[in-house]
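Enquirer: Everything below, folded, please.
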Amino acid sequence: MEFLKIIKKRRSLINEFVYVTLNIGLAVTLMILVRITGSLWPAFILVLISKWRIFAVRPQFWFANIQANLVSVIVSVSYVVFLYVLNSTNIGESQTLILQSLLAAIDICWLLFLKPQSKRKYVVAQAGVGLFVGIMALYTVSYGWIASPVVILTWLIGYATARHVLSSYDEEDHIVLLSLAWGFVMAEIGWLAYHWTIAYRLPIITNVLIPQVSMIVLCLGFLTYKTYNSFYHFQKIRLADVMLPLIFVLAIISVLVLGLNSVTTGVI
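Expert: Now for the predicted structure:
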């Protein structure tokens, strides 16, 4: 019996080692692909290949698996976009490598520490990351696009992140409706932001811009989550639960919209 426990423990350690190695290898390989090819598409293909488990079931479960993994796909695609943007900026080879390596380290932390978690607070954090980086990546590369794909992709990011949060609640009856509603709100914001996108320059890397809309939707998403969480637990929205988040969000958005628009920014 003791021998079987030792074998089981060794298998567990081997599986853990393989899991860590594959995830580190994925993040590093994506960085190398973008640096070598100077293109998004080979890295995008590798991201899709890395999600093979979505389709390793019967076809009737594919749609459910795709929805469950949308946030993970959004984060991975955004990581590739950020690598590509850094690769395309004129900030020097060494600085580009350092920043891309930092991005790779952040992606590894996402893959190893945050993404595997299943507790509600971590699921909410996963959705927040997906919402922020997804919108940031979209508005970083879509300045030359027509409005329709931008609005549709903004809706998809909103739907995916809302569904991700709601899946941690006992909300089977209304999960689709609520996710669609948040996606619609996001699409409206996306349409407005498409016509007037403000972006902030980073203090050191002036060639890299952070779209204002990514910060605004993250704040609104946080407020929406706190509101829903209060309603879910008490069957009403308690003022005590939402007052501080509301003040915080209004303060942040006011600073972004009214204060920082006059600072060094760029219109994408």
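Enquirer: Tell me which helix or strand the residue nearest the centre of the chain sits in.
Expert: In the chain, the centroid-proximal residue (CA atoms, centre = their mean) is Gly130; its distance is 1.6 Å. For Gly130, the enclosing helix or strand under DSSP states H and E is helix 120-141.
Enquirer: if we can go back for a sec, pLDDT wise, what is the residue nearest to the centre of the chain at?
Expert: Looking at Gly130, its pLDDT stands at 98.
Enquirer: returning to what we had before: chain center to the helix holding Gly130, what's the gap?
Expert: 3 Å (CA atoms, centre = their mean, to the nearest Å).
Enquirer: show me where pLDDT drops low in this protein?
Expert: Applying pLDDT under 70 to the chain flags the ranges 1-11, 204-207, 260-268.
Enquirer: residue boundaries of the helices in it?
Expert: 2-37, 41-50, 62-68, 70-88, 93-109, 120-141, 147-166, 175-195, 212-234, 239-254 (DSSP state H).
Enquirer: follow-up on the earlier one: so how far is Ile198 from the residue nearest to the centre of the chain?
Expert: Gly130 sits 22 Å away from Ile198, going by CB to CB, to the nearest Å. Placement of C-beta: from N, CA and C, glycine included.
Enquirer: next one: Glu188
Expert: 17 Å.
Enquirer: more crowded one of those two?
Expert: The residue with more neighbours, out of Glu188 and Ile198, is Ile198; 20 against 14, by other CB atoms under 10 Å.
Enquirer: who does that one bridge with?
Expert: Val267 (DSSP bridges).
Enquirer: so who does Ser167 touch?
Expert: Residues in contact with Ser167, defined by CB atoms under 8 Å, 6 or more residues apart in numbering, are 68, 123, 175.
Enquirer: should've said Val213
Expert: So Val213 contacts 135, 139, 189-190, 193, 197-198 (CB under 8 Å, 6+ apart).
Enquirer: Find the nearest non-adjacent residue to it, please.
Expert: Ala193 (3.9 Å; CB to CB, 6 or more residues apart in numbering).
Enquirer: That'll do, ta.
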